[in-house]
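**Q** I'll drop the sequence and a predicted model, then ask my questions.
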Amino acid sequence: MLSDSLLAKSIDKILEKTEKEILINLENSFSTAKQTLDDSIPKLEQEFEKIISDGKKEAEKIEKQIIGSSDLEVRNKQLLALEMAIGEVFTKALDQIANTKHNEDYSNLIKTLLDESTKILGTTKVIVYTNSKDKDLVQSLLSKYTGAELSSQSINCLGGVIVKSKDGAMKFDNTIDARIQRLKPLIRKQISSKFGVGN
């Protein structure tokens, strides 16, 4: 019986000791876990702040893209409207030019176009092309240009001349149509800047 009592006391002591060790280990684990949690809170807060900051940056980026896209769309619509208006103006101007009666001013214009063309080509030994309406006028002016001759072929244009050197090496298109096409970009630029579009 005594040995049973001793055995029970020994078991109680072992259990008590084990219980204390378990409690101490639990306390230590709890303290370590609490310390780890306390240490990780600033890191978590930093991560949270970074996520919020990155989210704001992304939102700002998307907002700028949306605004930029809208600005670009508005600008494109302005350019399209301007281009249509310029096209209509050129069409009306070309109609007016086509229906203008040929007078002394027109004769002077053709002479100027011939002068410019021969100077640019550097020779008066040229073949001159013009439309059927201007053939007589051009023929009457060619006598002042040594070696110049009028082509029997008519060209389709509002007026003016195309001048080719007789050797075929050079050609200058000085028709009213070509001059208008050369001026178009400059006129378009002036109109665009006046209305603040395309700058």
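**A** Everything's here; your move.
**Q** Residue 171 contacts residue 164, doesn't it?
**A** Yes. Using C-beta atoms under 8 Å, residue 171 is in contact with residue 164, at 4.6 Å. Every C-beta, even on glycine, is put in place using the N, C-alpha and C of the backbone.
**Q** How are the helices of this protein distributed by residue range?
**A** For the chain, the helices defined by DSSP state H cover 2-98, 104-121, 135-142, 176-195.
**Q** picking up where we left off before, out of residue 171 and residue 164, which sits in the busier spot?
**A** Higher neighbour count among residue 171 and residue 164: residue 164, with 18 against 14, using other C-beta atoms under 10 Å.
**Q** what sits against the more buried one?
**A** 126-127, 129, 170-172 (C-beta atoms under 8 Å, 6 or more residues apart in numbering).
**Q** any chance of these in CSV, plus pLDDT and distance to residue 91?
**A** As requested, these are exported to CSV (pLDDT from 0 to 100; distance: C-beta to C-beta, whole Å):
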residue, pLDDT, distance to residue 91
126, 95, 32
127, 96, 31
129, 97, 25
170, 94, 32
171, 95, 27
172, 95, 26
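**Q** By neighbour count, which of these wins?
**A** Sorting those by how many neighbours each has (other C-beta under 10 Å) puts residue 126 first, at 26 neighbours.
**Q** That one contacts residue 146, doesn't it?
**A** No. Residue 126 lies out of contact with residue 146 (C-beta under 8 Å); the separation is 10.2 Å.
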